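K.L.:
below are the sequence and a predicted model; questions follow.
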Amino acid sequence: MTETQFTPRVFSGIQPSGNLHLGNYLGALKRFVDMQGPEYETVYCMVDLHAITVWQDPDRLREKTREVCAGFIAAGLDPEKSILFNQSQVPEHTQLAWIFNCIARIGWMQRMTQFKDKAGKNTQNASLGLFAYPALMAADILVYHATHVPVGEDQKQHLELTRDIAIKFNHDYGIDFFPVTEPVIGGPAPRVMNLRDGSRKMSSSDPSDMTRINMTDDADAIAKKIRKAKTDPDALPSEVEGLESRPEARNLVNIYAALNDQTAGQVLSEVGGKQFGEFKPMLAELAVEKLSPISSEMARLMGEEAEIDQILARGAERARAIAAPILQQTYEIVGMVGAGKS
Ligand code: TYM
């Protein structure tokens, strides 16, 4: 096999299945914005086909897809610089996913912790789509030959599987065709935790709204949720080591650091020794300062439905221009008649 050079290209996606929350923002969206620039071509997707692996009300799905798009733009993604679209409008994703269903092994899928978490106890009753989800995710990435995928820490296992699929495809067909994609997991808050329980991640599916900060929350709601966040009775340490076995304290410090583009160590050198009674109002003020402009711009854009739909349609066209030839080549490699070559 010869070493292939791939264009540096970023791909990532967010499910439009619930409220965009601070975990999505710090673990993913803010980092999507950081990667937008001359170094990479950036492709970002609202993964509506992933969302329906668990039941979604159709009207709500439409609304949430537009809301996530509004969130992308409000957070700083420029639809001229980045390609923004919803997954269902680029059919090459599902076409490549079928090929990957035939590459991936059932045993690989059975190891996926997200499947186990989402399917719950009754795995026999989960949708087949939920089980096959990681093969579609691999197709999302590899149909663009994406080289870099910024995600939160919870997606690490899916990205390892994406690499396994690329390696097995390349090996089975004896060709260096799909890149072995780099997960880009980083920043001070790759795993933002639940505000009421530092052992669980912040998630849109938690029944209690007090456990998360939504990107649509107003200043009062943000301040209230931070004030009521679970903490411990001790003062903040001056060094990161002092946060060990203090998950709630660590979470709030990491959130502060990520919002303020600092490291946790830098934050602690400034706030070490303070009690939470003093630190929480500082964090609330910072969160409101950083998030309010995004939530008000999101609200404005949500009133411009036609504009959002146009951005998504244009994004899908641009995405297809990249994905279609890669799918064609895949079909040729696999041996589909009519795929170009003889
Ligand atoms: P999803 O929709 O659950 O989450 C979107 C992004 O937000 C990150 N994230 C978090 N980061 C830090 N702390 C948290 N508490 C937190 N919660 C969510 C996720 O890691 C993710 O980056 N399978 C993916 C969507 C997807 C995808 C893709 C991602 C489909 N195809 C291709 C990358 C590339 C998912 O369900 O993310």
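P.N.:
Alright, I've got the coordinates. Numbering: from 1, shown residues only.
K.L.:
isn't Gly272 up against Glu241?
P.N.:
No - using Cβ atoms under 8 Å, Gly272 is not in contact with Glu241, being 11.6 Å away. For glycine as for every other residue, the C-beta is placed from the backbone atoms N, C-alpha and C.
K.L.:
where does whichever residue of the stretch 151-300 of the chain sits closest to the ligand fall, phi/psi-wise?
P.N.:
Of all residues in the stretch 151-300 of the chain, Gly152 sits closest to the ligand, with a separation of 2.3 Å (Cβ to the nearest ligand atom). Note on Gly152: its backbone torsions stand at phi -80, psi 170 [degrees, to the nearest 10].
K.L.:
shaky segments in the stretch 201-342 of the chain?
P.N.:
340-342 (pLDDT under 70).
K.L.:
where do the helices of the protein begin and end?
P.N.:
Ranges of helices in the chain, per DSSP state H, are 22-24, 30-35, 48-51, 58-75, 92-103, 106-110, 113-119, 128-142, 156-173, 219-227, 247-259, 264-271, 276-302, 305-334.
K.L.:
JSON lines please, covering these and showing mean neighbour count.
P.N.:
As requested, the helices of the chain are exported to JSON lines (neighbours: other Cβ atoms under 10 Å):
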{"stretch": "helix 22-24", "mean neighbour count": "25"}
{"stretch": "helix 30-35", "mean neighbour count": "19"}
{"stretch": "helix 48-51", "mean neighbour count": "22"}
{"stretch": "helix 58-75", "mean neighbour count": "21"}
{"stretch": "helix 92-103", "mean neighbour count": "19"}
{"stretch": "helix 106-110", "mean neighbour count": "12"}
{"stretch": "helix 113-119", "mean neighbour count": "15"}
{"stretch": "helix 128-142", "mean neighbour count": "22"}
{"stretch": "helix 156-173", "mean neighbour count": "18"}
{"stretch": "helix 219-227", "mean neighbour count": "17"}
{"stretch": "helix 247-259", "mean neighbour count": "22"}
{"stretch": "helix 264-271", "mean neighbour count": "18"}
{"stretch": "helix 276-302", "mean neighbour count": "17"}
{"stretch": "helix 305-334", "mean neighbour count": "17"}
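K.L.:
closest one to Ile213 among these?
P.N.:
helix 22-24 (4.2 Å; Cβ to Cβ).
K.L.:
for Gly303, grab phi and psi.
P.N.:
phi -80, psi -10.
K.L.:
what's the neighbour count on the closest residue to the ligand within the stretch 1-150 of the chain?
P.N.:
Of all residues in the stretch 1-150 of the chain, the one sitting closest to the ligand is Gly27 (2.0 Å; Cβ to the nearest ligand atom). Residues near Gly27, counting by other Cβ atoms under 10 Å, number 26.
K.L.:
so it touches Pro188, yeah?
P.N.:
No - between Gly27 and Pro188 there is no contact under Cβ under 8 Å: 10.4 Å.
K.L.:
now do the shared contacts for the two.
P.N.:
Listed contacts common to Gly27 and Pro188 are nil; contacts here mean Cβ atoms under 8 Å, 6 or more residues apart in numbering.
K.L.:
hang on, the earlier thing: of all the helices of the chain, which one is nearest Ala235?
P.N.:
Counting by Cβ to Cβ, Ala235 lies closest to helix 276-302 out of these; the figure is 8.3 Å.
K.L.:
residues of the stretch 151-300 of the chain that sit close to the ligand?
P.N.:
Val151, Gly152, Asp154, Gln155, His158, Pro190, Arg191, Val192, Lys201, Met202 (Cβ under 6 Å from any ligand atom).
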